[in-house]
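> Provide a 3D model corresponding to the input given below.
(2 chains)
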Amino acid sequence: MRFITEFRSSKLASGLLSQIRLRSRTPARLMEFCGGHTVAIFKHGIRQMLPSTLEMVSGPGCPVCVTANADIDRAIALSQVPGVIIVTFGDMLKIPGSRSSLQEAKAGGADVRMVYSTLDAVKIASENTDKSVVFLGIGFETTAPTVAASVIQAMQEGIDNYYVLSLHKLCPPVIRAILDSGEVRLNGLVCPGHVSAIIGSYPWEVIAREYHIPCVISGFEPVDILQCVSMLVDQIERGEAKVEIAYRRGVRPEGNPEAIKLMEKVFEPAPARWRGMGELPASGLKLRREYRQFDAELAFDIATEPAQEPEGCICGEILRGTKVPRDCSLFAGICTPEHPVGPCMVSSEGSCSAHYLYGGDLAG
Amino acid sequence: MPDRILLTHGSGGSLARELVEKSFLKVLNNPLLARLDDSAVFDFSGKLAFTTDSHVVSPIFFPGGDIGRLAVCGTVNDLAMSGARPLYLSLAFIIEEGLAMSDLDRVVASIQRAAEEAGVKIITGDTKVVSRGSADGLFINTAGIGVVPEGVNISGSNASPGDKVILSGNIGDHSIAVLSKREGLSFATDLESDCAPLGSLVAEMIAASSSIRCLRDPTRGGLAATLNEVAGQSGVGIRIEEEKIPVREEVLGACEMLGLDPLYLANEGKLVAVVPARDAGVVLKAMRANCYGKEAAIVGEVLSENPGRVVMRTGLGTSRIVDMLVGDPLPRIC
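Predicted structure coming up:
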């Protein structure tokens, strides 16, 4: 088992496709929540292969895309505080806030560093005791436990110059918000793989039941996604609405209890600002009282100008699934990966970037 | 000698002289360099290829290579991609004050080994030392010259419909090997950089066919950038087959983890050749006989449709456009 090539097998894929074509009768709109799924779907040309009964729309599952401009502005403002080192995951660097990006702040002299592991952020703090090291806690339930682990490590090691600006977001609440709004009619959910590896399948059970919508957790290879679509089609055709896992090698129903424990130990649910959706209750995470010494919100007085959204940019609607990139008058003209206007064009997980890079028109 | 590079090493005084003699000349020794004149003087005849490249890799030592080997191979390969036989290189160091002398010695030894392997000589050089913080350890610039054999005409603008596209081996090894050791990003892998001089591979390909149209080494921007350049310069379309592009499972795995695409990863010991269909077989055979072309494969062909564009047929039988790399590939979050 090598875990990748098997799941790109054209034989398996065409088998699944013929099942989907054979069984799909009812027109249905499926939302893939996760940006990783959006990229995989475009990269492998999956939309081209699905029967005309099935429409796929992209959801708000790109962690940097859903970060509100006001929060990016605050991160940039923090980077300007003398003696502050900003540490972040890579994707965040390029995202434009109201007036600039962390990448531009870095070029202008701010100390902004990229890490892949949160424990490296703690290491930077322990090596720079004369500085304040602020980690930007971005991401869903996938990254939150690792950030929690960094806070616990900093506490154990007595590191007192490490802070977290928690901009974490939770998946199930935003899916609910989308379903509640009724803006877009959905018949099935391609549930996120990595997030579910942490939270398991139970949180989706409530959604499947309450909204009577089939939910299938998918992996990120073409065969995973096609298997997920095939399971969704079967549920739709049978009139069922349950949670299934098409990503057994990554997801157990109970998720990762250790990671959940860690996350719940350090963080508690809090309202969060979402790009395009405004503030949603209990959709984010903040540091618990016991860990408030690490909370950048409390340690720094972060003042920013009111946030501005770029004129004409419809990233918010795209994240809600009500519009697609081609509906945007800026798409591929004014807004390109070289000169991005909105975050969905910047992030490697963003819908606009996936449409732009992989969804080009082959005619002519 | 002190065990670290000092600003004085770049001052032109006695310490500088000592550095040149003990660290450089002793290792890179050859008669043209040993004269220590302001420029190297030599006889030359034939068509000349001339190129330059600067190297700023971080970290300077990585699995399968180091900045020194990279500096030699980079320039040698740029010469080879014009069909030239590489002859001589210049070598200029910009050293950050405080670099360990042992690190510098290790790099110079690696430069000599790579030069020997590539059959080139370092015949002139320069050293500057900058204060701490003004550079990242060590930067190297190399320029090189080579001679282009009679009758060889290789250029990115020569591709023509019907030609085959050959790739010399696995893509992405260099990028992932370097990334795996980068500060803040380290992960465990046995992958090594493919960093290698390709002069002999090219010479053997040219001996097998006199009508090779284009040669390119897919360094920064990866295979995607290289093919887009050729498609643009030649005004043709290129179609590649995903399943035929050799990529190691470890590279695929790292790409999935980091959210990167192997097509955009840098290589330092690979080449792409565009060859008329009738010669593709003999060129492929010659490549596979060379130690740097063992995994060579025909990965696509040149078309008259979609001029300037590269299209890939995916493993699932769908098609998608392969665009140039935009911005830096940064690891994703989720």
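
> hey, let's count contacts and neighbours off CA atoms from now on
OK.

> Could you list the residues of the stretch 201-350 of chain A in contact with chain B?
Neighbours of chain B within the stretch 201-350 of chain A, by CA under 8 Å from any CA of the partner chain: A:337-338, A:347-349.

> again, only using 10 Å
Selection of the stretch 201-350 of chain A residues close to chain B by CA under 10 Å from any CA of the partner chain yields A:220-223, A:336-339, A:346-349.

> ok, of those residues, which come out buried?
By neighbour count, with 16 or more other CA atoms under 10 Å in any protein chain shown, those hold A:220-223, A:336-337, A:346-349 as buried.

> Please narrow the residues you listed to those residing in helices.
A:222-223, A:346 (DSSP state H).

> picking up where we left off before, make JSON lines from the residues of the stretch 201-350 of chain A next to chain B and add pLDDT to it.
Formatted as JSON lines, those follow (pLDDT from 0 to 100):
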{"residue": "A:220", "pLDDT": "92"}
{"residue": "A:221", "pLDDT": "92"}
{"residue": "A:222", "pLDDT": "93"}
{"residue": "A:223", "pLDDT": "94"}
{"residue": "A:336", "pLDDT": "88"}
{"residue": "A:337", "pLDDT": "84"}
{"residue": "A:338", "pLDDT": "81"}
{"residue": "A:339", "pLDDT": "83"}
{"residue": "A:346", "pLDDT": "86"}
{"residue": "A:347", "pLDDT": "85"}
{"residue": "A:348", "pLDDT": "80"}
{"residue": "A:349", "pLDDT": "85"}
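
> Show me the longest strand that occurs in chain A.
Longest strand of chain A, by residue count under DSSP state E: strand A:278-287.

> pLDDT weak spots in the chain?
Just going to use chain A. Applying pLDDT under 70 to chain A flags the ranges A:1-2, A:360-364.

> nope, chain B please
B:183-185, B:327-334.

> Show me where it has its strands.
Assigned by DSSP E, the strands in chain B fall at B:47-55, B:61-62, B:65-66, B:85-96, B:121-130, B:138-148, B:164-167, B:214-216, B:237-241, B:272-275, B:297-303, B:310-313, B:319-321.

> packing partners for the last one?
The elements that strand B:319-321 packs onto, with contact taken as 3 or more CA pairs under 10 Å, 6 or more residues apart in numbering or on different chains; DSSP states H and E, are helix A:35-43, helix A:351-358, strand B:237-241, strand B:310-313.

> So for residue A:128, which of these sits nearest?
helix A:35-43 (34.5 Å; CA to CA).

> Which neighbouring elements make contact with that closest one?
Using 3+ CA pairs under 10 Å, 6+ apart, helix A:35-43 sits against strand A:28-34, helix A:46-49, strand A:54-61, helix A:193-199, helix A:222-238, helix A:351-358, strand B:319-321.

> hmm, try it at 8 Å
strand A:54-61, helix A:222-238, helix A:351-358 (3 or more CA pairs under 8 Å, 6 or more residues apart in numbering or on different chains; DSSP states H and E).

> who touches residue A:225 in this structure?
A:37, A:41, A:218-219, A:246 (CA atoms under 8 Å, 6 or more residues apart in numbering or on different chains).

> Just the closest of those residues to residue B:192, please.
For the contacts of residue A:225, the nearest to residue B:192 is residue A:219 (28.6 Å; CA to CA).

> How much space separates that closest one from chain B?
Distance of residue A:219 to chain B, given as CA to the nearest CA, to the nearest Å: 11 Å.

> From residue A:110, how far off is that residue?
Computed as CA to CA, to the nearest Å, the residue A:219 to residue A:110 distance reads 38 Å.

> Among those two, which residue is more densely surrounded?
residue A:219 (30 against 21; other CA atoms under 10 Å in any protein chain shown).

> Hmm, residue A:247 and the more buried one touching each other?
Yes. Residue A:219 is within contact range of residue A:247, at 5.0 Å (criterion: CA atoms under 8 Å).

> Let me know how buried residue B:180 is, in neighbour terms.
21.

> What of residue A:290?
Neighbour count for residue A:290, taken as other CA under 10 Å: 10.

> And the contacts of stretch A:287-299?
For stretch A:287-299, the external contacting residues (CA under 8 Å, 6+ apart) are A:134, A:151, A:160, A:162-166, A:265-268.

> Please point out which parts of it sit buried.
Buried residues in stretch A:287-299 (16+ other CA under 10 Å): A:287-288, A:291-297.

> end-to-end on it?
12 Å.

> which residues does residue B:69 contact?
Applying CA under 8 Å, 6+ apart, the residues near residue B:69 are B:107, B:110-111, B:113-114, B:195-196.

> I'd like the distance between it and residue A:25.
Counting by CA to CA, the gap from residue B:69 to residue A:25 is 60 Å.

> Next: residue A:248.
27 Å.

> So for the host helix or strand of residue A:121, what gets flagged as buried?
If you go by DSSP states H and E, residue A:121 is part of helix A:118-127. Neighbour-count burial for helix A:118-127 flags A:118-126 (criterion: 16+ other CA under 10 Å).

> separation between the residue located most distally from the centre of chain B and residue A:164?
Ranking residues of chain B by C-alpha distance from their mean position (CA atoms, centre = their mean) puts residue B:14 at the top, at 35.3 Å. Per CA to CA, residue B:14 is found 52 Å from residue A:164.

> same check, this time on residue B:48
According to CA to CA, residue B:48 stands 58 Å off from residue A:164.

> which one of the two has more residues nearby?
Taking other CA under 10 Å, residue B:48 and residue A:164 do not tie; residue A:164 has more neighbours (27 against 15).

> what residues are up against the more buried one?
A:134-137, A:151, A:294-296.

> burial count for residue A:158?
For residue A:158, the count of nearby residues is 11 (other CA under 10 Å).

> which SS state does it fall under?
State at residue A:158, reduced to three classes by DSSP: H, G, I helix; E, B strand; the rest coil: coil.

> how close does it get to residue A:129?
From residue A:158 over to residue A:129 (counting by CA to CA), the distance is 11 Å.

> In contact with the residue of the stretch 201-334 of chain B found nearest chain A: list those residues for me.
Nearest residue of the stretch 201-334 of chain B to chain A (CA to the nearest CA) works out as residue B:316 at 4.8 Å. Residue B:316 is in contact with A:8-10, A:13-14, A:44-45, counting by CA under 8 Å, 6+ apart.

> Most neighbours among those residues, which one?
residue A:44 (24 neighbours).

> give me every residue that touches it.
When contacts are counted by CA under 8 Å, 6+ apart, residue A:44 touches A:222, B:314-316, B:318-320.

> which of those residues are buried?
By neighbour count, with 16+ other CA under 10 Å, the contacts of residue A:44 hold A:222, B:314-316, B:319-320 as buried.

> of all the contacts of residue B:316, which two lie farthest apart?
Using CA to CA, the contacts of residue B:316 reach their maximum pairwise distance at A:9 and A:45, which is 14.1 Å.

> if we can go back for a sec, near chain B, from the buried residues of helix A:118-127?
Checking these against chain B (CA under 8 Å from any CA), the matches are residue A:120.

> What residue in chain A comes nearest to chain B?
residue A:115 (4.3 Å).

> and the stretch 51-200 of chain A, which of its residues are near chain B?
Residues of the stretch 51-200 of chain A found near chain B (CA under 8 Å from any CA) are A:62-63, A:89-91, A:114-117, A:120, A:138-140, A:142-143, A:194.
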